[in-house]
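Undergrad: could you work out the structure for the sequence below:
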Amino acid sequence: MASTRYDGLTYARATGSDGLARLALKLDAVVTGLNGIAYLALATVLDSFFGVTTAVQYPVGVFLLLYALGVLAIGTRKEINRTGLTAVIVANLLWVVLSLVVVISGVLSPTGVGAVWIVLQSLTVGGFAALQYVGLKRL
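TA: Numbers count the residues shown, from 1 in each chain. The predicted structure follows:
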(Lines give C-alpha, C1' and ligand atoms only; values in the text may rest on other atoms or scores of the structure.)
Protein backbone atom coordinates (compact mmCIF):
# COMPACT_ATOMS: atom_id res chain seq x y z
CA MET A 1 0.00 0.00 0.00
CA ALA A 2 1.56 3.25 -1.10
CA SER A 3 0.52 6.19 1.06
CA THR A 4 1.71 9.61 2.08
CA ARG A 5 0.91 11.64 5.20
CA TYR A 6 0.23 15.38 5.08
CA ASP A 7 -1.06 17.46 7.97
CA GLY A 8 -1.98 14.34 9.93
CA LEU A 9 -4.11 12.90 7.08
CA THR A 10 -3.23 9.85 5.06
CA TYR A 11 -3.55 9.96 1.29
CA ALA A 12 -3.24 7.03 -1.07
CA ARG A 13 -0.84 7.64 -3.91
CA ALA A 14 -2.37 7.38 -7.35
CA THR A 15 -1.62 3.79 -8.28
CA GLY A 16 -3.42 0.94 -9.94
CA SER A 17 -4.80 0.01 -6.51
CA ASP A 18 -6.96 3.13 -6.25
CA GLY A 19 -8.97 2.43 -9.40
CA LEU A 20 -12.02 0.90 -7.72
CA ALA A 21 -12.24 3.64 -5.10
CA ARG A 22 -11.94 6.29 -7.81
CA LEU A 23 -14.57 4.66 -9.99
CA ALA A 24 -16.99 4.18 -7.09
CA LEU A 25 -16.57 7.81 -6.00
CA LYS A 26 -17.08 9.15 -9.53
CA LEU A 27 -20.14 6.99 -10.17
CA ASP A 28 -21.57 8.04 -6.81
CA ALA A 29 -20.98 11.70 -7.66
CA VAL A 30 -22.65 11.44 -11.08
CA VAL A 31 -25.70 9.51 -9.88
CA THR A 32 -26.10 11.69 -6.79
CA GLY A 33 -25.72 14.88 -8.82
CA LEU A 34 -28.29 13.76 -11.39
CA ASN A 35 -30.66 12.82 -8.58
CA GLY A 36 -30.22 16.26 -7.02
CA ILE A 37 -30.88 17.97 -10.34
CA ALA A 38 -34.02 15.87 -10.82
CA TYR A 39 -35.33 16.80 -7.37
CA LEU A 40 -34.79 20.47 -8.14
CA ALA A 41 -36.00 20.51 -11.75
CA LEU A 42 -38.92 18.09 -11.38
CA ALA A 43 -40.01 18.75 -7.81
CA THR A 44 -43.57 19.76 -8.72
CA VAL A 45 -44.03 16.64 -10.87
CA LEU A 46 -42.38 14.33 -8.35
CA ASP A 47 -44.46 15.84 -5.53
CA SER A 48 -47.62 14.04 -6.62
CA PHE A 49 -45.82 11.00 -8.04
CA PHE A 50 -43.71 10.23 -4.94
CA GLY A 51 -45.93 11.93 -2.38
CA VAL A 52 -42.98 13.90 -1.00
CA THR A 53 -43.57 17.66 -0.93
CA THR A 54 -41.46 20.20 -2.74
CA ALA A 55 -40.59 21.64 0.70
CA VAL A 56 -38.60 18.43 1.23
CA GLN A 57 -37.40 17.89 -2.34
CA TYR A 58 -35.79 21.31 -2.81
CA PRO A 59 -33.47 21.15 0.21
CA VAL A 60 -32.68 17.49 -0.48
CA GLY A 61 -31.87 18.37 -4.10
CA VAL A 62 -29.51 21.16 -3.02
CA PHE A 63 -27.87 18.86 -0.47
CA LEU A 64 -27.40 16.12 -3.06
CA LEU A 65 -25.78 18.53 -5.54
CA LEU A 66 -23.36 19.83 -2.91
CA TYR A 67 -22.63 16.33 -1.67
CA ALA A 68 -21.98 15.16 -5.25
CA LEU A 69 -19.46 17.96 -5.73
CA GLY A 70 -17.67 16.94 -2.54
CA VAL A 71 -17.60 13.27 -3.54
CA LEU A 72 -16.33 14.21 -7.00
CA ALA A 73 -13.59 16.35 -5.45
CA ILE A 74 -12.40 13.39 -3.37
CA GLY A 75 -12.53 11.03 -6.35
CA THR A 76 -10.62 13.26 -8.75
CA ARG A 77 -7.67 14.30 -6.60
CA LYS A 78 -4.22 13.09 -7.54
CA GLU A 79 -4.13 11.19 -4.27
CA ILE A 80 -7.29 9.85 -2.65
CA ASN A 81 -7.71 11.07 0.90
CA ARG A 82 -8.48 7.96 2.97
CA THR A 83 -10.23 10.06 5.61
CA GLY A 84 -12.41 11.70 2.96
CA LEU A 85 -13.24 8.34 1.40
CA THR A 86 -14.14 6.94 4.82
CA ALA A 87 -16.38 9.96 5.46
CA VAL A 88 -18.20 9.33 2.16
CA ILE A 89 -18.72 5.67 3.09
CA VAL A 90 -20.12 6.64 6.51
CA ALA A 91 -22.35 9.34 4.99
CA ASN A 92 -23.68 6.88 2.42
CA LEU A 93 -24.45 4.29 5.11
CA LEU A 94 -26.19 6.98 7.15
CA TRP A 95 -28.28 7.88 4.08
CA VAL A 96 -29.30 4.22 3.73
CA VAL A 97 -30.37 3.97 7.37
CA LEU A 98 -32.26 7.27 7.33
CA SER A 99 -33.99 6.38 4.06
CA LEU A 100 -35.23 3.12 5.51
CA VAL A 101 -36.36 4.89 8.69
CA VAL A 102 -38.33 7.35 6.54
CA VAL A 103 -40.07 4.51 4.69
CA ILE A 104 -40.77 2.41 7.78
CA SER A 105 -41.98 5.34 9.88
CA GLY A 106 -44.00 6.89 7.04
CA VAL A 107 -42.87 10.32 8.27
CA LEU A 108 -42.95 11.84 4.76
CA SER A 109 -46.13 9.96 3.77
CA PRO A 110 -44.73 8.77 0.44
CA THR A 111 -46.98 7.08 -2.08
CA GLY A 112 -46.33 3.41 -2.82
CA VAL A 113 -44.19 4.46 -5.76
CA GLY A 114 -42.39 6.96 -3.54
CA ALA A 115 -41.67 4.31 -0.91
CA VAL A 116 -40.30 1.94 -3.56
CA TRP A 117 -38.17 4.78 -4.97
CA ILE A 118 -36.74 5.57 -1.52
CA VAL A 119 -35.87 1.90 -0.95
CA LEU A 120 -34.30 1.54 -4.41
CA GLN A 121 -32.34 4.73 -3.87
CA SER A 122 -31.08 3.47 -0.52
CA LEU A 123 -29.99 0.17 -2.12
CA THR A 124 -28.08 2.11 -4.78
CA VAL A 125 -26.36 4.26 -2.17
CA GLY A 126 -25.59 1.14 -0.14
CA GLY A 127 -24.04 -0.38 -3.24
CA PHE A 128 -21.81 2.66 -3.67
CA ALA A 129 -20.78 2.42 -0.01
CA ALA A 130 -19.88 -1.26 -0.46
CA LEU A 131 -17.80 -0.55 -3.57
CA GLN A 132 -16.12 2.37 -1.84
CA TYR A 133 -15.32 0.20 1.18
CA VAL A 134 -13.71 -2.45 -1.02
CA GLY A 135 -11.83 0.33 -2.80
CA LEU A 136 -10.65 1.71 0.54
CA LYS A 137 -9.33 -1.71 1.56
CA ARG A 138 -7.42 -1.94 -1.74
CA LEU A 139 -5.65 1.40 -1.23
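Undergrad: share the number of residues neighbouring residue 115, please.
TA: 19 (other C-beta atoms under 10 Å). (C-beta placed from N, C-alpha, C; glycine too.)
Undergrad: what pLDDT is listed against it?
TA: Note on residue 115: pLDDT of 97.
Undergrad: which strand or helix spans it?
TA: Residue 115 is part of helix 112-138, with elements assigned from DSSP states H and E.
Undergrad: okay, buried residues for that helix please.
TA: Of all the residues in helix 112-138, those buried under the rule 16 or more other C-beta atoms under 10 Å are 114-115, 117-119, 121-122, 124-129, 131-133, 135-136.
Undergrad: ok, now stretch 87-95?
TA: 88, 89, 92, 93, 95.
Undergrad: quick one: which of those is nearest residue 38?
TA: residue 95 (16.2 Å; C-beta to C-beta).
Undergrad: contact partners for the nearest residue to the closest one once chain neighbours are set aside?
TA: Nearest non-adjacent residue to residue 95, counting by C-beta to C-beta, 6 or more residues apart in numbering: residue 125, 5.0 Å away. Neighbouring residues of residue 125 by C-beta atoms under 8 Å, 6 or more residues apart in numbering: 28, 92, 95, 96, 99.
Undergrad: who's in contact with the last one?
TA: What that stands for is residue 99. Contacts of residue 99 by C-beta under 8 Å, 6+ apart are 118, 119, 121, 122, 125.
Undergrad: for the fourth one, same thing?
TA: With contacts taken as C-beta under 8 Å, 6+ apart, residue 96 has the following neighbours: 122, 123, 125, 126, 129.
Undergrad: quick one: low-confidence ranges for the protein?
TA: 1-16 (pLDDT under 70).
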